[in-house]
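>>> Here is the input, now give the coordinates:
(chains A and B)
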Number of protein chains: 2
Amino acid sequence: MCNGRSGFSFSGDSLNSRTHSVGFVEAQHAHFDEPLVLRCGAVLPAYDLVYETYGTLNAAKSNAILVCHALSGHHHLAGYYLEQPDDIGWWDNIIGPGKPLDTDRFFIVGVNNLGGCHGSTGPSSINPATGKPWGADFPLVAVNDWVHAQARLADRLGIDSWAAVVGGSLGGMQALRWAITCPERVRHSVVIAAAPKLSAQNIAFNDVARQAILTDPDFHGGHYYEHDVRPVRGLRLARMIGHITYLSDDQMGEKFGRVMRHDSFRYGYGIEFEIESYLRYQGDKFAGYFDANTYLLMTRALDYFDPARECNGDLHVTLARTRAAFLVISFLTDWRFSPARSKEIVAGLLANRRDVSYAELDLRWGHDSFLMEDPHYHAVLRTYLQRIKL
Amino acid sequence: MCNGRSGFSFSGDSLNSRTHSVGFVEAQHAHFDEPLVLRCGAVLPAYDLVYETYGTLNAAKSNAILVCHALSGHHHLAGYYLEQPDDIGWWDNIIGPGKPLDTDRFFIVGVNNLGGCHGSTGPSSINPATGKPWGADFPLVAVNDWVHAQARLADRLGIDSWAAVVGGSLGGMQALRWAITCPERVRHSVVIAAAPKLSAQNIAFNDVARQAILTDPDFHGGHYYEHDVRPVRGLRLARMIGHITYLSDDQMGEKFGRVMRHDSFRYGYGIEFEIESYLRYQGDKFAGYFDANTYLLMTRALDYFDPARECNGDLHVTLARTRAAFLVISFLTDWRFSPARSKEIVAGLLANRRDVSYAELDLRWGHDSFLMEDPHYHAVLRTYLQRIKL
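Alright, predicted model coming up:
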């Protein structure tokens, strides 16, 4: 749900070090002139996607893996930019030579989703009809729209079928949706820390986050670009709320507990506890660069995601459309999308006699575990992906 | 945590009906001229407390029960006002003739805490030093300060010792603190849905709620009264966040699930799901009457609460000071203050060989369960209180 953060640092002496990195990378752009009909009924006349690739596409074009990003993620999965060597990809610990998503074997593609704010067409892009940023007029994009947009990128790259589509959280929902929407184009679907649809509580957290943005006086109905302001207050609150749901209660307790900022209380509303410092820092950092309209759009895509709805709410019927083999991974400390939610997917796949592997892992970082470096987690991914026939 | 709401209605044909009500009640005021030294170091030169009583104090003055309120509660526990017959006390289902807190037997006292916004001296009261509302200058009040202020009210009423001090959530913390601070004045302490201190996650939720208020442009550093505005946006968000933590995930799922507002999605940020409607309604309602400075103060009192801190963090040592018998109640679906938190209190009391009864109840309303009418829950309370010798 929360890519691209540095709240928890990864160990420097591991495979993350530069020697196992994909190294210097460059983002690429693809322009699409063919109109895209979106789930909401709107039509996007043309759009750009920004993406990165790592490794080499083999002659048979059978070794491509698509990695889908979560709420605040983007296309920069691994490696670093020459001009910004500290801007390391958000899944660099998993993607690289010899890593679980092994770039010596696979050709890996990361793409910034439509509606994003990292280079692909989104609310902060110029609306050709007005010459101004789309802002609130940018149409709501659904998970299935991302699949269609990504499929066109696959066409462009000459990839008929993905060896695997992989993602965590909202990225996992895309991996699942790919297998339903384009069964013939996905050989393996790796669905991590996801759910077949949001619960009422999930939607509730999203709604409070959105209300924080929508009621920020600097939001200006989504057209803040024209007012030369940004709804940073609302975006900061949204991120703080999100962050609480990304971590486990236990991990927060272990890491912060009731550790105080000063020797004694100051008796005020400044920072008294380290957890407050952490949350406010994360909120400030995120509000400094992320686009509020994209945040709204991404959380709404989460809310709407419910592929079973097309089959009268019957997930088993929906999953009958899939042809891929599946790896489903959940984390015991994830209370946002608990293992029970992953098991709904597994049960639906098993009912359809699909080839499905399921791992329930005891990592301690809550929902954020999907981003983390852990030997067991990485071994599960590595082992599964190594067995894929190219 | 969340008294005085009507999100869940109680059944009308139960003991709640007017025939078992304490009937028409009137709030009373007590003025205290003796300065009160607060935990934060500030001194409140004088203050008022507003309170209500139900039942009759016996000649021995041995049948008095103090009911402490939670974050957004007040002194109006039961019955109704002649001029506002729909304003029924927030714990009317528990307090009344023949009810678990039986007014045929007990004399029950409810008091609005210092710092509140229902008549007792608080941030919206006039600061005698300036002739203006205290606003942000009102000193932070700790749970122990409430105990001291309530003790003076007990003196005024001629009550040397309470038959019981009872409370849920922040009210339960007061019941616990009473037994530690004034062991000779509490014969029974009933601690419901509470914790010996907040976890990092608890503090985190409070901090986001406070940040919503503090960063609302209408907050004006806490002196919004003078600007003739109220930080309703922030207060609304704070309440929405709080509400998510008051309900259980399961109960939210049962009651709202993914029920849609319309037959089809509107693809926008209006209300799409009923859970959004519920949350926004609760937020709006609360923001319409509650004082933001009180909300800040009450959440900070929660954060600071940690009686074991006085004994180097050793709760067992702290609880050695108590003399009361205890009833501790927790609810399985309460993820804000889970049963594990109540068991910390129970373990500390048992280590000191105190008389302690513990009930872990399977009510489905999460943290809010403590407010609800449930035969098992009420029977536990009734049975325990009936055995109290007067």
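>>> okay, now the domains of chain A?
Residue ranges for each domain of chain A read A:20-197+A:307-389, A:199-304, as given by the TED database.
>>> would you list the ones you listed in a markdown table and tack on mean pLDDT?
Shown next, in a markdown table, are the domains of chain A (pLDDT from 0 to 100):
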| stretch | mean pLDDT |
| --- | --- |
| domain A:20-197+A:307-389 | 97 |
| domain A:199-304 | 97 |
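>>> what residues are up against the most far-flung residue of chain A relative to its centre?
Most distant residue from the mean C-alpha position of chain A: A:Ser264, 40.3 Å away (Cα atoms, centre = their mean). For A:Ser264, the contact set (Cβ atoms under 8 Å, 6 or more residues apart in numbering or on different chains) is empty. C-betas here are computed from N, CA, C, even on glycine.
>>> ok so, going back, so which of the domains of chain A comes closest to B:Leu302?
Minimum separation from B:Leu302 across these (Cβ to Cβ) falls at domain A:199-304, 11.9 Å.
>>> and A:Asp306, how many neighbours?
By other Cβ atoms under 10 Å in any protein chain shown, the residues close to A:Asp306 number 17.
>>> From chain B, how far off is it?
Separation of A:Asp306 from chain B (Cβ to the nearest Cβ, to the nearest Å): 7 Å.
>>> what does A:Pro139 give?
Going from A:Pro139 to chain B by Cβ to the nearest Cβ gives 8 Å.
>>> Could you double-check that that residue lies in contact with A:Pro45?
No. Contact between A:Pro139 and A:Pro45 fails when scored by Cβ atoms under 8 Å: they sit 11.0 Å apart.
>>> Neighbour count for the two, which is higher?
More crowded of A:Pro139 and A:Pro45, by other Cβ under 10 Å: A:Pro139, with 20 against 12.
>>> Now the stretch 251-390 of chain A against chain B: closest residue?
For the stretch 251-390 of chain A, the residue closest to chain B is A:Tyr267, as judged by Cβ to the nearest Cβ, at 3.7 Å.
>>> Which residue, neighbours along the chain excluded, lies closest to that residue?
B:Cys40 (3.7 Å; Cβ to Cβ, 6 or more residues apart in numbering or on different chains).
>>> count of residues packed around that neighbour?
Number of residues near B:Cys40 (other Cβ under 10 Å) recorded here: 17.
>>> That one belongs to a helix, doesn't it?
No. Checked against DSSP: H, G, I helix; E, B strand; the rest coil, B:Cys40 lies outside a helix; its state is coil.
>>> hang on, isn't it packed against B:Ala142?
Yes. Applying Cβ under 8 Å, one finds B:Cys40 in contact with B:Ala142, separated by 7.0 Å.
>>> could you pull out the strands for the stretch 251-390 of chain A?
Counting by DSSP state E, counting those that start in this stretch, the stretch 251-390 of chain A has strands at residues A:325-331, A:356-361.
>>> Need the winner for burial among these.
Ranked by mean neighbour count under mean count of other Cβ atoms under 10 Å in any protein chain shown, the strands of the stretch 251-390 of chain A are led by strand A:325-331, which reaches a mean of 25.
>>> what's that one packed up against?
Contacts defined by 3 or more Cβ pairs under 8 Å, 6 or more residues apart in numbering or on different chains; DSSP states H and E place strand A:325-331 against strand A:188-192, helix A:339-351, strand A:356-361, helix A:375-386.
>>> Tell me what angle it forms with helix A:339-351.
160 degrees (axes from the mean of the first three to the mean of the last three Cα atoms, to 10 degrees).
>>> Other residues contacting strand A:325-331?
Contact with strand A:325-331 is made by A:179, A:187-193, A:337-339, A:341-343, A:345-346, A:349, A:354-363, A:365-367, A:369-370, A:377, A:380-381, A:384, as judged by Cβ under 8 Å, 6+ apart.
>>> got the CA coordinates for that strand in CSV?
The C-alpha coordinates for strand A:325-331 follow below in CSV (Å, rounded to 0.1, in the frame of the first residue of the first chain):
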residue,chain,number,x,y,z
ALA,A,325,-1.0,-20.7,-11.7
PHE,A,326,-1.0,-18.7,-8.5
LEU,A,327,1.3,-17.9,-5.6
VAL,A,328,-0.7,-16.2,-2.8
ILE,A,329,1.2,-14.8,0.2
SER,A,330,-0.2,-13.2,3.3
PHE,A,331,1.4,-12.0,6.6
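>>> May I have the phi/psi pair for the residue farthest from the centre of chain A?
Here is the backbone geometry of A:Ser264 (degrees, to the nearest 10): phi -140, psi 160.
>>> ditto for A:Tyr54
Backbone torsions of A:Tyr54, given as degrees, to the nearest 10, read phi -140, psi 140.
>>> same question, A:Tyr47
phi -160, psi 160.
>>> can I assume A:Val208 sits in a helix?
Yes. Applying three-state DSSP, one finds A:Val208 inside a helix.
>>> Quick check: chain neighbours aside, which residue is closest to it?
Closest to A:Val208 by Cβ to Cβ, 6+ apart is B:Met240, at 4.6 Å.
>>> tell me the SS of that neighbour?
Counting by three-state DSSP, the backbone at B:Met240 sits in helix.
>>> Is it in contact with B:Gly283, as I believe?
Yes. Contact criterion Cβ under 8 Å: B:Met240 and B:Gly283 qualify, at 4.3 Å.
>>> Neighbours of the nearest residue to A:Met298 once chain neighbours are set aside, how many?
Sequence neighbours aside, A:Leu71 is the residue nearest to A:Met298 in space, at 4.7 Å (criterion: Cβ to Cβ, 6+ apart). A:Leu71: 24 surrounding residues under other Cβ under 10 Å.
>>> Likewise for A:Trp335?
Neighbours around A:Trp335, by other Cβ under 10 Å: 18.
>>> What distance do you get for it to B:Gly172?
Per Cβ to Cβ, to the nearest Å, A:Trp335 is found 24 Å from B:Gly172.
>>> and if you look at A:Tyr267?
Counting by Cβ to Cβ, the gap from A:Tyr267 to B:Gly172 is 23 Å.
>>> more neighbours, the two?
Applying other Cβ under 10 Å to A:Tyr267 and B:Gly172 shows that B:Gly172 carries more neighbours, namely 28 against 18.
>>> I'd say the more buried one and B:Ala179 touch.
No. With contact defined as Cβ under 8 Å, B:Gly172 does not count as touching B:Ala179 (11.1 Å).
>>> check contacts around the residue of the stretch 51-200 of chain A found nearest chain B.
Residue nearest to chain B within the stretch 51-200 of chain A (Cβ to the nearest Cβ): A:Ala200, separated by 4.2 Å. Residues in contact with A:Ala200 (Cβ under 8 Å, 6+ apart) are B:249, B:252-253, B:255-258, B:273, B:275.
>>> now do A:Gly257
With contact taken as Cβ under 8 Å, 6+ apart, A:Gly257 is in contact with B:199-200.
>>> Report the separation between it and B:Asn202.
Counting by Cβ to Cβ - A:Gly257 and B:Asn202 are separated by 11 Å.
>>> Kindly report the same for A:Ala287.
Distance, A:Ala287 to B:Asn202, using Cβ to Cβ: 24 Å.
>>> Which positions in the stretch 101-250 of chain A make contact with chain B?
Residues of the stretch 101-250 of chain A lying near chain B by Cβ under 8 Å from any Cβ of the partner chain: A:139-140, A:197-201, A:203-205, A:207-208, A:210-212, A:214-217, A:233, A:236-237, A:240-241, A:243-244, A:247, A:249.
>>> And the helices in the stretch 151-300 of chain A, which stretches?
Along the stretch 151-300 of chain A, counting by DSSP state H, counting those that start in this stretch, helices occupy A:170-181, A:200-214, A:232-246, A:249-255, A:274-289, A:292-304.
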